[in-house]
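Student: Make a model of this:
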Amino acid sequence: MSSNFTDRVLNSNPMLGVVLSAHLLAEAQLRKVLSEHLEEPRALLSDQGPSFRILVNVSEAVGVVESDLARVLRALNSLRNKYAHRLSFEASAEKVENFLQALRDMREPFFVSDVAATERELSISIAALSGWLEKTYGPV
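Tutor: Numbers count the residues shown, from 1 in each chain. Okay, the predicted model is just below:
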């Protein structure tokens, strides 16, 4: 017999784990690089916050990330919120395309794809973003 747990957790969309984990990794990268540029990082960074959105804004404001990367990170955050707060969410082609377009619009894009905007393509582009963050800012 099927249950909510089986249907919604054990058999959930694998993109949920990809998006949530990549978001956590990007957050750790932002915290790391931001703490290296702040005189007193503990005044801003704690286990309780700030939110990802604020981390991106502050990182952009102090010049730790460029505005084009900040747009990509905001797009990732938007996707994360959809996956995290909507049971059985599956990204539409439009949502995936928005993320891919943010990557294409970067001043120096590191991932460009013109194939159909599917969740598979989303996972590849998120993997590219995660790799680029690690290459640029080092491991967490």
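Student: And stretch 91-103, what's buried?
Tutor: When burial is assessed from 16 or more other Cβ atoms under 10 Å, stretch 91-103 yields the following buried residues: Ala91, Lys95, Val96, Glu97, Phe99, Leu100, Ala102, Leu103. (Each C-beta comes from the backbone N, C-alpha and C, glycine too.)
Student: Give me the neighbour count for Gly17.
Tutor: When neighbours are defined as other Cβ atoms under 10 Å, Gly17 has 11 of them.
Student: same for the longest helix along the chain, what does it pack against?
Tutor: Here the longest helix in the chain is taken by residue count, with DSSP state H as the criterion, and it is helix 14-37. With contacts defined as 3 or more Cβ pairs under 8 Å, 6 or more residues apart in numbering; DSSP states H and E, the secondary structure elements packing on helix 14-37 are helix 52-61, helix 67-85, helix 119-137.
Student: What are the buried residues along it?
Tutor: Going by 16+ other Cβ under 10 Å, helix 14-37 has these buried residues: 15-16, 18-19, 22-23, 25-27, 29-34.
Student: Name the nearest of those relative to Lys82.
Tutor: Within the set of those, Val19 lies nearest Lys82; the separation is 8.4 Å, counting by Cβ to Cβ.
Student: now that closest one, nearest residue through space, not along the chain?
Tutor: Closest residue in space to Val19, ignoring its immediate chain neighbours: Tyr83 at 4.7 Å, by Cβ to Cβ, 6 or more residues apart in numbering.
Student: State the distance from that neighbour to Asp47.
Tutor: For Tyr83, the distance to Asp47 (Cβ to Cβ, to the nearest Å) stands at 23 Å.
Student: tell me the contacts of Asn77?
Tutor: Applying Cβ atoms under 8 Å, 6 or more residues apart in numbering, one finds that Asn77 lies in contact with His23, Phe52, Arg53, Val56.
Student: gap between it and Leu10?
Tutor: In terms of Cβ to Cβ, Asn77 sits 27 Å off from Leu10.
Student: Ala70 now?
Tutor: From Ala70 across to Leu10, the span is 36 Å (Cβ to Cβ).
Student: between the two, which one's more packed in?
Tutor: With neighbours defined as other Cβ under 10 Å, Ala70 and Leu10 compare such that Ala70 has more, 17 against 8.
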